[in-house]
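J.: okay, sequence plus prediction incoming.
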Amino acid sequence: MNKSNRIGDQPPYEGSSVGRIGLGLAALGRPIYLTAGRSDALGAPNDRTVETMRARTFEVLDAAWQLGIRFFDLAPSYGHAEDFLGAWLAAHPTRRAQLTISSKWGYEYVAHWDPKARVHERKEHSLAMLEKQWPKTQSALGGAPDVHLVHSVTPDSPALSDPALLARLRKVADEGTRVGITTSGPHQADTIETALTIPSSPFSAVQTTWNILERSAQDSLAVAAENGWLVIVKEAMANGRLAAGGVQEVDRLARIAGITSDALAIGAVLEHDWADVVLSGAVTVAQLESNANAGTPSVDTSVLDHLTIPADRYWAERAEREWS
């Protein structure tokens, strides 16, 4: 595999499995999200104040640092995630040089920390949105992130075709920040393939949903890796569906391997050398420690291949999940 243009020449991407695990702050930066089991981990939604979630975020970030996790992922639409991480970095200024930080643009948080809000985020892939969010991200983090991704790109996104927007993204890349896309929906593979063929493309990174249930983008991710792109996998736990008690066969195979179900689900990603980083969405230290135990499973996970479901069905079921 050609890694000449991928982050990977030094830790955390080579060596131990934990070095390929990153921490995503989607579920830590806001009170409500669609991951299962949040009330068990976080208490009632009304108890999740900004101050409470900031303190929890610091606790989990500290644990991630101690575990050797050096990749953090966030976005403006993750509530106060950028501000939380920026404050944590300011409290530990010597750590920044050892971290890879990935943020995004294209969604904004509109729930105003209201657990009962009907709409949590708004999508807009325009040059105006990029110009609005890019300086705010830099300000919150105390500098530019290492990776900046267009958030939740689908085949019809202007981020794949707008000449002015692509030119501005090339400028961001020329200034030293790796630029890429995240993908969502049943046509992730088509999105990646289109992005790979853009002339003078600014893109060299992709963050995509891949898990035991949803594998539709696998071949496209392998091609992206072969082209030197940084490949980040999100939702390896299928928003909690692959945790213990979620899928009986996953639980059974995890018992055979002597590991937890979450470690098996993350390990199923780590089996693939096209995946540079797989994100943990942990909201507690215990969850993070369990996720960090993931490695290439000692059992044959191909016996779980039949659990894969059509992408249309997977994303339709995901859309029906309640935010809690």
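T.: Cool, the structure landed. Numbering: from 1, shown residues only.

J.: when you work out contacts or count neighbours from here on, use the C-alpha atoms and nothing else.
T.: Fine.

J.: residue 218 and residue 156: what is the separation?
T.: Remark: distance between residue 218 and residue 156 (C-alpha to C-alpha, to the nearest Å) = 21 Å.

J.: give me the more crowded residue out of those two.
T.: A count of neighbours by other C-alpha atoms under 10 Å puts residue 218 above the other of residue 218 and residue 156, at 19 against 9.

J.: number of nearby residues for residue 61?
T.: Around residue 61 there are 25 other residues, counting by other C-alpha under 10 Å.

J.: elements contacting the host helix or strand of it?
T.: Following DSSP states H and E, one finds residue 61 within helix 50-67. Helices and strands touching helix 50-67, by 3 or more C-alpha pairs under 8 Å, 6 or more residues apart in numbering; DSSP states H and E, are helix 81-91, helix 285-292.

J.: so what touches the last one?
T.: Put plainly, it is helix 285-292. The contact list for helix 285-292, computed with C-alpha atoms under 8 Å, 6 or more residues apart in numbering, reads 18, 21, 59-60, 63-64, 67, 260, 262-263, 266, 280-282.

J.: quick one: it to helix 50-67, angle?
T.: 40 degrees (axes from the mean of the first three to the mean of the last three C-alpha atoms, to 10 degrees).

J.: for helix 285-292, give the mean pLDDT please.
T.: Mean pLDDT, helix 285-292: 96.

J.: the helix or strand that that helix is followed by: which residues count as buried?
T.: On the C-terminal side of helix 285-292, the nearest following helix or strand under DSSP H and E is helix 311-319. Under the neighbour-count criterion of 16 or more other C-alpha atoms under 10 Å, helix 311-319 has 311, 314, 315 buried.

J.: for those, which one is nearest residue 142?
T.: Comparing the buried residues of helix 311-319 against residue 142 with C-alpha to C-alpha places residue 315 closest, at 35.6 Å.

J.: check the closest one and give its pLDDT.
T.: Per-residue confidence at residue 315 stands at 98 (pLDDT).

J.: hmm, back to that, can I have the buried ones of the contacts of helix 285-292 as a ChimeraX selection?
T.: To isolate the buried members of the contacts of helix 285-292 in ChimeraX, using 16+ other C-alpha under 10 Å:
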select :18,21,60,63,64,260,262,263,266,280,281,282
